[in-house]
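S.K.: give me coordinates for this.
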Amino acid sequence: MNRVVPIILAVALFMENMDSTVIATSLPAIAADLGTSPIALKLALTAYMVSLAIFIPISGFMADKIGAKRLFRCAIGVFLIGSIACALSNSLGSFVLARFLQGMGGAMMTPVARLVLVRSTPRDQLIAAMAWLTIPALIGPMAGPPVGGFVTTYFSWHWIFIINVPIGILGIYLSGRYLPEIESVDPGRKLDWLGFAMVAIAASGVVFGLSVISLPALPPVVGFIALVIGLVALMLYMAYARRNPAPILDLRLFRNPSFRAAIVGGTLFRIGIGAVPFLLPLLLQIVFGLDPFQSGLVTFITAAGAFSMKFLAPKLLRILGFRTVLLSATLISTVLVAANGQFHPGLSYIVIMPLLYFAGFLRSLFFTSANALVFADVNSEETGNATAISATMQQISLALGVAFGGTVLEIATHAGGGEMTQRSFFWAFTAMAVITVSASLSFLRLPADAGSTVSGHGAGRTPTQENG
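M.R.: Prediction:
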């Protein structure tokens with residue numbers, strides 16, 4: 001396997017994944033400099049997520065239209081322009097618009113990077129290559145808060161965005177030199193504007209609504225209205241897509257058992273796991289009394305677990321197969337999510353750190369396996385559509401995770417007398433563990449040889465027939 005390609009893609013994705021969370025601990029400093037409040041500045045976080053939700057669904061179409069490599073380089077360029085605009089912002093409005101522009105670039109970077117990898121990597125080497133793209137998605141959100149706190153404390157919040165410039169320029173150069181040229185698929189295809197509008201309203205409405213509900217920069221009623229609009233648009237699109245021969249997101253892919261299990265099970269898993277990076281730092285800061293930088297150092301141990309998984313995922317999938325690996329990772333991760341609710345100040349870090357390390361290992365193993373299973377049994381012509389659906393559902397599921405985790409935590413806090421205690425976090429983590437374990441139902445139905453052309457498991461048996 002040519003490791004240069006996944007490494008280049010992984011570095012670019014690390015930049016995007018870290019930047020999506022890096023400003024979380026820097027909000028007070030940025031707000032003070034822009035003359036606004038930290039609560040109002042949460043609109044910048046929401047704007048970034050909404051931009052991702054709008055433009056991710058069109059990423060597959062654009063990659064097929066102009067070429068995946070060219071689009072990936074353009075996406076990095078848009079992300080850099082957005083980063084510079086963030087650093088130069090002098091008001092709340094300009095900062096929110098700059099974050100929206102950043103999100104446009106980020107929306108294309110992640111799914112197109114996965115598409116480049118899938119189309120340039122032989123099927124039997126896909127898992128090892130996919131592991132490189134899983135690590136940034138885990139390390140980035142964990143590294144963001146401590147890095148943001150460190151840079152803001154010892155330098156200036158502007159450097160959070162300026163640091164992207166040399167990394168991005170290097171990424172554009174390396175991707176232009178080393179990424180393979182990938183032929184466009186059906187370049188004459190016309191954009192389904194009506195379908196795109198429905199999907200954009202659906203995805204952005206759900207993400208915006210959940211973000212406002214969980215990060216109340218606006219009245220919660222605004223979030224609920226947006227969520228209802230998004231869900232209505234989703235139902236309208238589902239009816240529309242069944243009648244359209246070439247919809248922007250072809251839901252007929254869900255007829256494929258492997259694809260359906262990877263998306264449905266992966267979405268449920270991400271909802272449960274997605275709340276952990278939000279809940280755990282709060283637990284460490286509010287109950288343990290750590291500052292943001294200290295809590296970031298504790299949670300960062302999960303990144304070490306994620307990185308160590310990279311060397312074992314291909315072997316585990318070859319020996320055990322997708323069904324066994326995904327089931328095992330889901331069930332054990334459920335136990336570890338629930339275990340977070342048992343953390344208390346009297347518990348030694350000698351106990352906490354190994355649990356977090358193992359949790360990072362299992363999450364990375366799950367994401368690597370699920371991301372590979374998405375493409376395992378789909379035709380090459382359908383990879384662009386599969387990428388767009390997968391990335392859209394990932395974005396929505398992470399927003400759902402934070403919203404559900406925050407809601408349960410708030411309910412438990414009010415039930416406990418209004419004070420956020422270790423008991424409040426116990427109920428929040430328990431609720432997210434229940435959602436996590438529900439993902440196992442999708443994988444129980446998988447055939448034993450699902451994705452065998454990718455995993456190599458049971459090579460002597462007839463692999464599941466590719467279908468679309």
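S.K.: helix or strand right after the helix or strand of the chain with the lowest mean pLDDT?
M.R.: One helix or strand of the chain scores below all others by mean pLDDT, DSSP states H and E: helix 126-154, with a mean of 72. On the C-terminal side of helix 126-154, the nearest following helix or strand under DSSP states H and E is helix 159-162.
S.K.: for that following helix, which helices and strands make contact with it?
M.R.: helix 4-22, helix 68-88, helix 126-154 (3 or more C-beta pairs under 8 Å, 6 or more residues apart in numbering; DSSP states H and E). For every residue, glycine as well, the C-beta is placed using N, CA and C.
S.K.: centre of the chain to the following helix or strand past the shortest one, how far?
M.R.: The first helix or strand that comes after helix 4-22 along the chain, using DSSP H and E, is helix 27-34. A distance of 26 Å separates the C-alpha centroid of helix 27-34 from that of its chain, computed with C-alpha atoms, centre = their mean, to the nearest Å.
S.K.: got it, and stretch 154-164?
M.R.: 23 Å.
S.K.: what is the orientation angle of the lengthiest helix in the chain with helix 4-22?
M.R.: When the chain is parsed with DSSP state H, its longest helix is helix 383-415. Taking axes from the mean of the first three to the mean of the last three C-alpha atoms, to 10 degrees, helix 383-415 and helix 4-22 form an angle of 30 degrees between their directions.
S.K.: low pLDDT regions in the stretch 151-300 of the chain?
M.R.: For the stretch 151-300 of the chain, the stretches with pLDDT under 70 are 183-189, 215-217, 292.
S.K.: ok, back up a step: as CSV, the helices and strands packed on helix 159-162 with mean neighbour count would be great.
M.R.: Formatted as CSV, the helices and strands packed on helix 159-162 follow (neighbours: other C-beta atoms under 10 Å):
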stretch, mean neighbour count
helix 4-22, 22
helix 68-88, 22
helix 126-154, 22
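S.K.: now these in CSV, with distance to Q102?
M.R.: Below are the helices and strands packed on helix 159-162 laid out as CSV (distance: least, C-beta to C-beta, whole Å):
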stretch, distance to Q102
helix 4-22, 7
helix 68-88, 3
helix 126-154, 14
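S.K.: which strands or helices does the longest helix of the chain pack on?
M.R.: Judged by 3+ C-beta pairs under 8 Å, 6+ apart, the packing partners of helix 383-415 are helix 38-55, helix 59-66, helix 92-120, helix 193-214, helix 257-274, helix 276-286, helix 349-376, helix 422-438.
S.K.: which strands and helices sit next to the fourth one?
M.R.: Pointing back at helix 193-214 there. Looks like helix 193-214 contacts helix 38-55, helix 220-243, helix 383-415 (3+ C-beta pairs under 8 Å, 6+ apart).
S.K.: got those helices as a markdown table, with distance to K310 columns?
M.R.: As requested, those are exported to a markdown table (distance: least, C-beta to C-beta, whole Å):
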| stretch | distance to K310 |
| --- | --- |
| helix 38-55 | 25 |
| helix 220-243 | 35 |
| helix 383-415 | 19 |
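S.K.: closest one to G149 among those?
M.R.: Nearest of the helices and strands packed on helix 193-214 to G149, taken as C-beta to C-beta: helix 38-55 at 13.9 Å.
S.K.: so what touches that closest one?
M.R.: Contacts with helix 38-55, where a contact means C-beta atoms under 8 Å, 6 or more residues apart in numbering, come from 20, 23-24, 27-28, 30-31, 34, 92, 95-97, 99-104, 106-108, 200, 203-204, 206-208, 211-212, 215-218, 392, 395-396, 399.
S.K.: over to stretch 81-91?
M.R.: Contacts for stretch 81-91 (C-beta under 8 Å, 6+ apart): 19, 34-36, 94-95, 97-105, 158, 160-162, 164-165, 168.
S.K.: that older thread, redo the helices and strands packed on helix 383-415 as JSON lines? Include distance to L236 and mean neighbour count.
M.R.: Output for the helices and strands packed on helix 383-415, formatted as JSON lines (distance: least, C-beta to C-beta, whole Å; neighbours: other C-beta atoms under 10 Å):
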{"stretch": "helix 38-55", "distance to L236": "17", "mean neighbour count": "22"}
{"stretch": "helix 59-66", "distance to L236": "20", "mean neighbour count": "23"}
{"stretch": "helix 92-120", "distance to L236": "22", "mean neighbour count": "24"}
{"stretch": "helix 193-214", "distance to L236": "6", "mean neighbour count": "22"}
{"stretch": "helix 257-274", "distance to L236": "20", "mean neighbour count": "24"}
{"stretch": "helix 276-286", "distance to L236": "31", "mean neighbour count": "21"}
{"stretch": "helix 349-376", "distance to L236": "25", "mean neighbour count": "23"}
{"stretch": "helix 422-438", "distance to L236": "27", "mean neighbour count": "21"}
